[in-house]
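A.B. asks: whatever this is, show me its structure:
(chains A and B)
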Amino acid sequence: MLIWMRRCQSMSPEVALVLAAEIERCLHHRPKSINGNDPQSEAIAAMLREIGFHNLLHFNEPKVKAPGTGEATTYLKMKSGIQGGGNHADDLRALVLGNAASTSDELRDELVRGLNEAVLNVHQHADDEDVENPYKPMPNKHWWIAGYRDALAKEIGFIAFDQGVGIPATMPRKHAEFVRDVISAAGQILHLSTPTNDHLLIKRAFELGRSRTEKPSQGKGLNDFKVFLTAAGGKGSLRVLSGRGSYLYDLQGSERAEPLPVQFHGTLIVWRLTDSPAVRWEDGS
Amino acid sequence: MTVITIATDFARYPFGRYVDDGPYSGQRFREEFLAPALERDSNEITVVLDGAIGMGSSFLEEAFGGLVRQGFDRDEVARRIRISSSRDGTKMSEIARYIAEAELPRHRAHA
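C.D. replies: Model (predicted):
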């Protein structure tokens, strides 16, 4: 397989993370099956290098200009692992909190709480022994995380990804069946082919604050994402892609759930927080 | 009376539900601190939250709700565990909810 990135014009950190995960998966199942090149764009190549794309995959790093000390964005380099995501919670805290020692206790508590649950959530949803997964993921509930801190935009971001069966597939059965019945009926009326209800199931999972079949004590952390954003203030969003659904929660209170045209193997969680009073920056703002 | 201060007796940054999640999980806190205290001391157990940062719902549910699943009587847990927090009343009600909603162990639920 050839991954031709030469003419790539733009790339977000979350795309870089999912791409790295997919390459790692392919190399795990078929070593030496991947070849490719780096983007011509120095900005993208530098972003990939700084976020740890090459390091994670043991690729040669591109020889692009090193970022200066005044560079606006610093990255939490990609980390990949199995279970125990909490081992990296300290790194995440350092990245997102920076030197925010003066952040109020309440906001700092909610910030760290949201982060902890985000990391934990990755491996809780990474797999479910009861659900058949035709996709051949990395074994052992593998997860990938990354983050960034953009001083210019006053924005922090965190990205978590796994290749598990996804949130919709791990919803409690009674809720999944209800949503499925509604969608199925609507599909028959409208003559839709293979309608998906995954987007509604993700939305429902956040409303319920849980997601796992027969294990109601688990999955409560999903709601901590929203609690964290609300407590942090500023402009923030939470985006989830899982199965054939997309879910976006905006700090201003709007929610959007939409079906995806193709199956997304796993769960991608991206949250961003801009201009939050919970976060202090090096310039003292 | 037993007093357990999470930040100093256990961890300043408690994290996760199970021991697989990390060294300072809710399961470990329950098994090594809460459960032994309930068995050893017949009086009230005070758990101080002040100073501990970022206790997520997974940690709290497993630590406190997990006592009911472990076999402790729900009413006794609710009566004997007192949560102390100088600034965060929401966690007290959150913990009370986890104790109230914790499912009984399967063999007890069908008894």
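A.B. asks: quick one: low-confidence residue ranges for the stretch 151-285 of chain A.
C.D. replies: For the stretch 151-285 of chain A, the stretches flagged by pLDDT under 70 are A:172-195, A:208-225, A:280, A:282-285.
A.B. asks: which residue ranges form the helices in it?
C.D. replies: A:173-190, A:198-208, A:222-232 (DSSP state H, counting those that start in this stretch).
A.B. asks: tell me the confidence at A:Ser80?
C.D. replies: Per-residue confidence (pLDDT) for A:Ser80: 83.
A.B. asks: hmm, it is touching A:Glu24, no?
C.D. replies: Yes - assessed by C-beta atoms under 8 Å, A:Ser80 is found in contact with A:Glu24 at 6.5 Å. The C-beta positions use only the backbone N, C-alpha and C, and glycine is treated the same way.
A.B. asks: for chain A, see how far away the nearest residue to B:Ser84 once chain neighbours are set aside is.
C.D. replies: Closest residue in space to B:Ser84, ignoring its immediate chain neighbours: B:Val48 at 4.7 Å, by C-beta to C-beta, 6 or more residues apart in numbering or on different chains. In this structure, B:Val48 and chain A are 15 Å apart, going by C-beta to the nearest C-beta, to the nearest Å.
A.B. asks: what bridges to B:Val48?
C.D. replies: Following DSSP bridges, B:Val48 is listed with bridge partners B:Thr5, B:Ser84.
A.B. asks: what is the burial count for the residue of the stretch 101-250 of chain A at minimum distance from chain B?
C.D. replies: As assessed by C-beta to the nearest C-beta, chain B sits closest to A:Val112 within the stretch 101-250 of chain A, at 2.9 Å. Residues contacting A:Val112 under the criterion other C-beta atoms under 10 Å in any protein chain shown number 22.
A.B. asks: that one in helix, strand or coil?
C.D. replies: Secondary structure, DSSP: H, G, I helix; E, B strand; the rest coil: A:Val112 is helix.
A.B. asks: so what's it closest to, chain neighbours aside?
C.D. replies: Closest to A:Val112 by C-beta to C-beta, 6+ apart is B:Gly54, at 2.9 Å.
A.B. asks: which residues touch that neighbour?
C.D. replies: Contacts were defined as C-beta atoms under 8 Å, 6 or more residues apart in numbering or on different chains; by that measure B:Gly54 touches A:93, A:109, A:111-113, A:115-116, B:13-15.
A.B. asks: if we use 6 Å, what do you get?
C.D. replies: Listed by C-beta atoms under 6 Å, 6 or more residues apart in numbering or on different chains, the contact partners of B:Gly54 are A:112-113, A:116, B:13.
A.B. asks: out of these, flag the one nearest to B:Gly26.
C.D. replies: A:Asn116 (11.2 Å; C-beta to C-beta).
A.B. asks: leaving out the residues flanking it, which one is nearest to that closest one?
C.D. replies: Leaving out its chain neighbours, the residue that sits closest to A:Asn116 by C-beta to C-beta, 6+ apart is B:Gly56, at 4.6 Å.
A.B. asks: hang on, that neighbour packs against A:Leu115?
C.D. replies: No - if you go by C-beta atoms under 6 Å, B:Gly56 and A:Leu115 don't touch, sitting 8.9 Å apart.
A.B. asks: when those two are compared, which one has more neighbours?
C.D. replies: B:Gly56 (28 against 25).
A.B. asks: please report how far the more buried one lies from B:Arg17.
C.D. replies: 9 Å (C-beta to C-beta, to the nearest Å).
A.B. asks: B:Val3: how many residues sit nearby?
C.D. replies: B:Val3 is flanked by 13 other residues according to other C-beta under 10 Å.
A.B. asks: phi, psi for it please.
C.D. replies: phi -120, psi 120 (degrees, to the nearest 10).
A.B. asks: got a list of what it touches?
C.D. replies: By C-beta under 6 Å, 6+ apart, the contact set of B:Val3 is B:Thr46.
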